[in-house]
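1. Generate a structure from the sequence data that follows.
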Amino acid sequence: MTDAPEAPDDDIPGPSADETVDLVNRVRAGDQEALAVLMTRFLPRLRRWASGRMPVALRDLADTSDFVQDVLLQSFQKVGRLDVGREGGLQAYLRQSVLNRIRDEFRRARRRPEIVEIDTKQPDGGPSPLEAAIGKAGLEQYEMALAALRPIDREAIIARVELGFTYEEVAAALGKPSANAARMAVERALVRLVNVISEP
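-> You can find the predicted model right below:
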């Protein structure tokens, strides 16, 4: 997770909600051209967004681009279950799918069979827990502040807050000696994040 997350793509024009709904409806009807258009529109921005959220332990196992493309293809195969009517609904769904897959792959890589794997084929279509807690404007401010942090602080916050890792898992992802060391790293990183957000 050493790459900095990109700032929100506000300056990059995306498809309107109506265009997205039309494309999704065409994919539902089996239109491969519409699928290609959706992939072209969402893959680059989702790849940039995911690059800063991929734990180092997974980077050896999967190329971020291939990883995200695979998640997109699986998501679009299940596109009939999506609610894309709200603005940003498909983007939120795809981001949540990527986060679910990262969690699943990280836990599988650690070979901990007692952890139930997350079904990435049916992620929640609503806003992510983070987005629900702080809202869209807050999420954009969070993303910008996160990008301004040191890589180690960014990794700690993403692992704990976004991926929902336990402190033992955060320790493994960050190379910390114990869960307590990981907890202290996360707390320090969150203080730095709040300080950046509070700057005028």
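2. and the residue lying closest to residue 91 once chain neighbours are set aside, how many neighbours does it have?
-> Distances taken as C-beta to C-beta, 6 or more residues apart in numbering place residue 42 nearest to residue 91, at 7.2 Å, with adjacent residues excluded. (C-beta placed from N, C-alpha, C; glycine too.) Residues near residue 42, counting by other C-beta atoms under 10 Å, number 21.
3. can you check the one 5 residues further on too?
-> By other C-beta under 10 Å, 18 other residues sit near residue 47.
4. quick one: buried residues of the helix or strand encompassing the residue nearest to residue 91?
-> In this structure, residue 42 is located in helix 32-51 according to DSSP states H and E. Of the residues in helix 32-51, those with enough neighbours to count as buried (16 or more other C-beta atoms under 10 Å) are 34-35, 37-38, 41-43, 45-51.
5. one step back: pretty sure the residue nearest to residue 91 sits against residue 92.
-> No - between residue 42 and residue 92 there is no contact, the gap being 11.6 Å when judged by C-beta atoms under 8 Å.
6. CA atoms of the strand or helix carrying residue 71 as CSV?
-> Under the criterion DSSP H and E, the helix or strand holding residue 71 is helix 64-77. Taking C-alpha atoms only, helix 64-77 is exported to CSV below (Å, rounded to 0.1, in the frame of the first residue of the first chain):
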residue,chain,number,x,y,z
THR,A,64,-3.3,-4.3,-9.3
SER,A,65,-4.5,-3.8,-12.8
ASP,A,66,-5.4,-7.4,-13.3
PHE,A,67,-6.9,-7.6,-9.9
VAL,A,68,-9.2,-4.7,-10.5
GLN,A,69,-10.1,-5.8,-14.0
ASP,A,70,-11.1,-9.2,-12.6
VAL,A,71,-13.3,-7.6,-9.9
LEU,A,72,-15.0,-5.4,-12.6
LEU,A,73,-15.7,-8.3,-14.9
GLN,A,74,-17.3,-10.3,-12.0
SER,A,75,-19.3,-7.2,-10.9
PHE,A,76,-20.6,-6.5,-14.4
GLN,A,77,-21.6,-10.2,-14.7
